[in-house]
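K.L.:
pasting the sequence and the predicted coordinates here, then a few questions.
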Amino acid sequence: MSELDDYAAKMAARFHTFDQDGDGQVTRRDFRLMAERVARAFDVADGTDQAAALQEAADRYWEGMAALADGDLDGRITRGEFVGAAVAGLHQDPEAFTRIALPWHRAVFRAADHDGDRLVTVNAVDLMLVALGAEPDQARRVAAEHRTDPTGHITEEEILAAVTAYYTTGEPQRAFAVPACRVSSGTARHGRAGSPGAPTLSNGPPAPPRAPAHVGRNRVSPPAPSPPIRSHT
Ligand SMILES: [Ca+2]
Ligand SMILES: [Ca+2]
């Protein structure tokens, strides 16, 4: 598979984590549910500035993705549109990522960062991942792979750099399996979602109900088939 195919497969695997209500399409409601889930995970009370910041960031993220993805402008993003949007709008384009998705990830980090020092614990990153749809065992492993500072904390910069790499490159998904559905990318790398050249999913088996890593692995470690896992027992 090419780097682009790897990327598209990774995004196809993520679709169900965005489809929070499980109706097979992503809508503004799903993004708002995602914000509510993060708020609950970090005890962000309704009516606070932080709750509003999460909702606003989620709305912004939805609007950015919809502008890229919603080819028929019906307010719903299908899996194919979602993958097409990520390929056409985020892949290899950190500036687009910064505009569309980074505010959301920053808001999630800040919800987790109770004291506002831009540092969070490994456990907080674990909770963040689970709130975003990762399975607990996988979230724990990915959280533990992050580079920590001398005090054992993970910086905001580390998290946002990892998330940017995750969404803009075909870096392999180590912590989560990529489903077996194939994506034909053709020459559509710069094509708009829904256009004739946009990538489409083949009729492969559906993505299994598992959540890939949302934030990245430790980018300073060499790739290893069985990365060391910090014991949480
Ligand atoms: Ca949905
Ligand atoms: Ca903190």
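P.N.:
Looks like it arrived, so ask away. Ligands and ions are numbered 1, 2, ... in the order given.
K.L.:
distance of A144 relative to ligand 1?
P.N.:
31 Å (C-beta to the ion, to the nearest Å). Heads up, the C-betas are built off the backbone N, CA and C, glycines and all.
K.L.:
name the element that residue belongs to?
P.N.:
A144 is part of helix 136-145 when elements are defined by DSSP states H and E.
K.L.:
that helix packs against which elements?
P.N.:
Counting contacts by 3 or more C-beta pairs under 8 Å, 6 or more residues apart in numbering; DSSP states H and E, helix 136-145 packs against helix 122-131.
K.L.:
could you give the angle of the helix it packs on to helix 136-145?
P.N.:
In terms of direction (axes from the mean of the first three to the mean of the last three C-alpha atoms, to 10 degrees), helix 122-131 departs from helix 136-145 by 140 degrees.
K.L.:
average pLDDT across helix 122-131?
P.N.:
For helix 122-131, mean pLDDT is 94.
K.L.:
please apply the same query to stretch 158-172.
P.N.:
Computed over stretch 158-172, the average pLDDT equals 91.
K.L.:
write out the residues of this structure neighbouring ligand 2.
P.N.:
Proximity of the chain to ligand 2, by C-beta under 5 Å from the ion, involves residues D113, D115, D117, L119.
K.L.:
if I look at the last one, how far off is ligand 1?
P.N.:
Per C-beta to the ion, L119 is found 34 Å from ligand 1.
K.L.:
is it correct that that residue is in contact with I154?
P.N.:
Yes. Applying C-beta atoms under 8 Å as the test, L119 and I154 come out as touching, 6.9 Å apart.
K.L.:
buried subset of the residues of the chain next to ligand 2, written for PyMOL?
P.N.:
Buried residues among the residues of the chain next to ligand 2 (16 or more other C-beta atoms under 10 Å), as a PyMOL selection:
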select buried, resi 113+119
